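# Quick one: sequence and predicted model below, then my questions.
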Amino acid sequence: AMARYEKETEYAATPKKKPATPLLLQKGKALRSLGLNAEALSTYQEIIGKDSTNTRALIEAAECCRTLAKYKQASAYYEKVLDLTPENKYVRIQYINLLLAQQKFREALGESSLMTEKDSSAIALHLQAQSFEGMNELLPAAGCYYNIQEKYPADYLAAAKLGAINIAASYYDEAIEATEKYRKIDTTNIAVNRQNALAYCLKQDYPTAIRRYQYLVNQGDSTFHTCYYLGISYYAIERYYEAHDFLEAARKYDPENVNLLYYLGRSCAKTSWKKQGVEYLEQAINLSIPKDSSMVRLYIGMTDCYKMAQMYKEQLASIKERYQKYDRQNHLRGQNIHKVRQSRRYIYGVLRHHRLSGGIALLGGIKGGATGDLLHLSQQRLRMLLRRLPGLADQGRSGGVGLPAAPATAGAGLTVQHQQHMPRFPGAAPQA
């Protein structure tokens, strides 16, 4: 036993060799298969640290970085592989896909164009077309898809893309032509049939659109667009019950879609759900009209932008427009509050001058409540108090702010000394 212990101790003290590269590659693969991408990346980086030209380790490291959303690091690994092996098609495809995922469309176009110079495969043309689409250059993108359809007629994705691009440009006949060309090969493809049906619907060929959409529904397609446009097609040919059913199914996906609510409400009104139709139209109107608070916020932002840009004429115009459309009620409320405060100051001045403590206590009740109530209460008490001041009630004239008459000279019938300290009602004529 003692001898065995000594051998184990000696073995433990013996320096162990680091695993060879094939074992590390196998370890990294096992870690990736378990979803341990960070640990797998560390393993591949260990290999790269010993051999920076190991393309397999570089590719695997790039894949780990993509999974971990370390796109810059992944790009660096792919670029290193392409420097070592420029003809590596797999790596170039992955690199272009990474650029597209980061919306670096111009760089992706450059890489895909280099690829299509020597490779006219469908995947190379698709990558080039996607790059053009990302740059919103739809005409050359459509050209790529037409090339694909010409060379590879069974490529359903090219047919679906051509349908979508032509529909976006309102070229419904071209969309129908491209999708029908594919349908001669395969009539069951969901993606192509969706574009085909939409083109017929927007072209207002509703019977054909209904046949296409009904086929999609029978195949289990219950997506929003299928239900919505099938409902619209039924509505167009005045089959309102069917329109109601499919529009109601579409509403579950997008309950605040104003166009959907409009057609659904109209369908309800023409069938058995008339009150529900009213509710849908009311909801559509409420959703269409922006809230005042949102518009005020936008106007304030626009006014501030005009100010920063030193566009003062436009700044004043935006303030005026905001006031006329959205701030008028707030302005009137503030104006009424100002009137209340003016009348209170005037009455307090009169009462203090004549030492009518009971009147001051009476006026003290004007504190809370709505602005209109305050103003009305203030007017009533002003009349009451003026009647208690001999010689003042019948000598007033308008104060100019919608309150009861105030003295022409704020201390008529009083001594000069009293007149000097008498508060003047706002808007009254200046004292002589």
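Received the coordinates, thanks.

# wait, what's in contact with the closest residue to Y77 other than its chain neighbours?
Setting aside the residues directly before and after it, Y77 is nearest to A62 in space (C-beta to C-beta, 6 or more residues apart in numbering), at 3.6 Å. In short, each C-beta sits where N, CA and C put it, glycine included. Counting by C-beta atoms under 8 Å, 6 or more residues apart in numbering, A62 touches A74, S75, Y77, Y78, V81, Q94.

# Can you give me the pLDDT of A62?
Model confidence at A62, given as pLDDT, is 95.

# and it, what helix or strand is that in?
Using DSSP states H and E, A62 maps to helix 55-67.

# mind checking how far the next helix or strand after that helix is from the chain centre?
Remark: after helix 55-67, the chain's next helix or strand is helix 71-84, criterion DSSP H and E. Put simply, helix 71-84 sits 35 Å off its chain's centre (C-alpha atoms, centre = their mean, to the nearest Å).

# thinking again about what came up before, which positions within the helix holding A62 qualify as buried?
T55, A57, L58, I59, E60, A61, A62, E63, C64, C65, R66 (16 or more other C-beta atoms under 10 Å).

# same deal with stretch 88-99?
For stretch 88-99, by 16+ other C-beta under 10 Å, it's N88, V91, R92, I93, Q94, Y95, I96, L98, L99.

# I'd like those residues as CSV, with pLDDT appended.
Shown next, in CSV, are the buried residues of stretch 88-99 (pLDDT from 0 to 100):
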residue, pLDDT
N88, 91
V91, 93
R92, 94
I93, 94
Q94, 94
Y95, 95
I96, 95
L98, 95
L99, 95
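
# which one among these gets closest to L298?
In terms of C-beta to C-beta, no member of those lies closer to L298 than L99, at 36.4 Å.

# as a whole number, average confidence for stretch 323-337?
Stretch 323-337 comes out with an average pLDDT of 62.

# actually stretch 50-57, sorry about that
92.

# chain center to it: distance?
45 Å.

# Just the CA atoms of the helix holding A62, as CSV, please.
Extracted as CSV, the C-alpha positions of helix 55-67 are listed here (Å, rounded to 0.1, in the frame of the first residue of the first chain):
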residue,chain,number,x,y,z
THR,A,55,-8.6,28.0,-40.4
ARG,A,56,-10.9,25.5,-38.7
ALA,A,57,-10.4,27.0,-35.3
LEU,A,58,-10.8,30.5,-36.7
ILE,A,59,-14.1,29.5,-38.4
GLU,A,60,-15.4,27.8,-35.2
ALA,A,61,-14.4,30.8,-33.1
ALA,A,62,-16.3,33.1,-35.5
GLU,A,63,-19.4,30.9,-35.2
CYS,A,64,-19.2,31.1,-31.4
CYS,A,65,-18.8,34.9,-31.5
ARG,A,66,-21.9,35.2,-33.7
THR,A,67,-23.9,33.1,-31.3
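
# ok and that helix relative to helix 71-84, angle-wise?
On the basis of axes from the mean of the first three to the mean of the last three C-alpha atoms, to 10 degrees, helix 55-67 is oriented at 160 degrees to helix 71-84.

# wait, doesn't Q214 sit right on G231?
No: look at Q214 against G231 with C-beta atoms under 8 Å: they stay out of range, at 11.8 Å.

# So these two - more neighbours on which side?
Per other C-beta atoms under 10 Å, whichever of Q214 and G231 has more neighbours is G231, with 27 against 17.

# Where does the more buried one sit, in terms of helix or strand?
Using DSSP H and E, G231 sits in helix 224-236.

# for the record, mean pLDDT for that helix?
Here the average pLDDT along helix 224-236 is 97.

# Give me the contacts around that helix.
With contact meaning C-beta under 8 Å, 6+ apart, helix 224-236 is reached by 194, 197-198, 201, 204, 206, 209-210, 213-214, 216-217, 240, 242-247, 249-250, 253-254, 257, 260, 263-264, 266-267.

# Which strands or helices does the next helix or strand after that helix pack on?
Of the helices and strands lying after helix 224-236 in sequence (DSSP H and E), the nearest is helix 240-251. Packed against helix 240-251 by the contact rule (3 or more C-beta pairs under 8 Å, 6 or more residues apart in numbering; DSSP states H and E) you find helix 224-236, helix 258-269.

# What about H126, how many residues nearby?
Residues near H126, counting by other C-beta under 10 Å: 19.

# actually E150, not the one I wrote
For E150, the number of neighbouring residues by other C-beta under 10 Å comes to 10.
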